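[1] Pasted the sequence and its predicted model underneath.
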Amino acid sequence: MKLSILGCYSATPRALTNPTAQVLEIKGHVFLIDCGEGTQVQLRKQQIKFARIKHVFISHLHGDHFFGLPGLISTFMLLGREAELHIYGPKGIKKAVTTMLKVGNAWTNFPLIFHELTAKESEIIFEDEKISVKTIPLIHRIYTNGFLFSEKEGERKLNIGAAEDYGIDVSYYRNIKQGKDVMNEEGKLIANQLLTFDPPAPKSYAFCSDTAFNQEIIPIIKNAGVLYHESTFTKAHEHLTKPTGHSTAAEAATIAREANVGMLILGHYSTRYKSLEVFKNEAKSIFKNVHLAEDGKVFEL
């Protein structure tokens with residue numbers, strides 16, 4: 001997996017910082033997660049090909065998380081896009097986006113498919129043979145979801161040397177990689193474990209922004225490889241979390257620790273802070289493997 005941070009600050013864009021947008025590359029997919037203002041400029045800066053984006057996941061309908069989407073769709077149209085674009089987001093996103101396109105007489109020449117979300121429980125919203133994507137219900141001022149991207153377990157890796165030693169015909173190799181026991185040339189059943197290596201452990205990425213401290217998400221993201229969790233404030237401004245529906249770095253780290261995730265990435269910082277190190281230091285007192293999201297930063301997961 002590869003995670004490209006396009007923007008990771010809260011509220012308004014500034015000269016050197018951008019609101020939330022990320023690109024997750026996983027098993028051949030290029031997923032755009034949230035789409036704040038300036039997203040398409042950041043895509044160009046990071047040389048991510050527009051045509052590869054076929055699925056967009058929008059957490060909620062606050063402007064700093066989706067105001068860049070109408071402009072991106074318009075650019076897709078100007079570039080002559082023909083492929084479908086699937087948009088997953090809260091109910092109302094279809095009306096918000098299509099109204100802007102209609103009043104500008106700029107309807108797309110490619111299929112624009114909306115998947116509007118209303119469920120308050122976690123649900124699978126995308127799935128193919130390689131990955132699944134499920135929602136993570138969050139607590140914010142409006143209906144909000146995070147997203148859990150999970151690889152499915154791959155085929156077992158064939159141990160060719162063992163297969164030859166046991167006298168297995170090559171015609172059975174496909175079945176072996178699918179986990180099946182097979183007969184050798186002498187008619188003896190050979191256990192699959194003797195002929196294969198375990199596949200790589202499936203990877204997973206949990207995206208949680210924006211949200212107040214919410215321990216109910218822990219069972220959903222339990223043992224995730226990587227967690228991105230908003231950390232709008234530090235403890236110094238903890239009194240602001242409840243009225244705004246946001247979290248502190250310490251609260252994000254507590255979620256990471258209780259969910260036993262492998263790695264925590266902090267983001268969605270309030271621009272009141274002059275240094276991001278205060279977020280990292282606060283979180284590391286609770287959870288050790290902490291990293292800071294920064295605009296333009298790429299994580300090889």
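    Arrived safely.
[2] so where do the helices sit in the stretch 1-150 of the chain?
    Ranges of helices within the stretch 1-150 of the chain are 39-45, 63-66, 69-78, 93-103, based on DSSP state H, counting those that start in this stretch.
[3] export these to TSV and tack on mean neighbour count?
    To be clear about C-beta, it is placed using only N, CA and C from the backbone, and glycine gets the same treatment. Output for the helices of the stretch 1-150 of the chain, formatted as TSV (neighbours: other C-beta atoms under 10 Å):
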stretch	mean neighbour count
helix 39-45	18
helix 63-66	22
helix 69-78	18
helix 93-103	14
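[4] Now do the contacts for the nearest residue to C208 once chain neighbours are set aside.
    Counting by C-beta to C-beta, 6 or more residues apart in numbering, C208 lies nearest to G146, which is 3.9 Å off, once chain neighbours are set aside. Listed by C-beta atoms under 8 Å, 6 or more residues apart in numbering, the contact set of G146 reads 59, 135-138, 206-209, 211, 217.
[5] Of those, which one scores lowest on pLDDT?
    Here the lowest pLDDT out of those sits on S209, with 91.
[6] List the beta-bridge partners for the residue lying closest to that one once chain neighbours are set aside.
    Nearest residue to S209, sequence neighbours excluded (C-beta to C-beta, 6+ apart): E230, at 4.0 Å. Judged by DSSP bridges, the bridge partners of E230 are G267.
[7] Could you double-check that E230 lies in contact with I255?
    No: using C-beta atoms under 8 Å, E230 is not in contact with I255, being 10.2 Å away.
[8] got any residues that touch both of these two?
    Shared contacts of E230 and I255 (C-beta under 8 Å, 6+ apart): C208.
[9] give me the element Y205 is part of.
    Assessed by DSSP states H and E, Y205 sits inside strand 204-208.
[10] whoops, G161 was the one
    Assigned by DSSP H and E, G161 falls within helix 160-165.
[11] Give me the next element, helix or strand, following that helix.
    In N-to-C order, the element after helix 160-165 by DSSP H and E is helix 173-177.
[12] For that next one, what is the distance to the chain centroid?
    In terms of C-alpha atoms, centre = their mean, to the nearest Å, the gap separating the centre of helix 173-177 from the centre of its chain is 32 Å.
[13] What about the residue nearest to N260 when sequence neighbours are not counted, how many residues nearby?
    In this structure, N260 finds its nearest non-sequential neighbour in N223, 5.4 Å apart by C-beta to C-beta, 6+ apart. Residues within reach of N223, counting by other C-beta atoms under 10 Å, total 9.
[14] ok so N223 is a strand residue?
    No: applying DSSP: H, G, I helix; E, B strand; the rest coil, one finds N223 to be coil, outside a strand.
[15] That one against A259, yeah?
    Yes: contact criterion C-beta under 8 Å: N223 and A259 qualify, at 7.3 Å.
[16] Please report the distance of L148 from R272.
    According to C-beta to C-beta, to the nearest Å, L148 and R272 sit 30 Å apart.
[17] of those two, who's got more company?
    For L148 versus R272, the count of surrounding residues by other C-beta under 10 Å is larger for L148: 22 against 13.
[18] Double-check that one against A206; I have them as touching.
    Yes: L148 is within contact range of A206, at 4.9 Å (criterion: C-beta under 8 Å).
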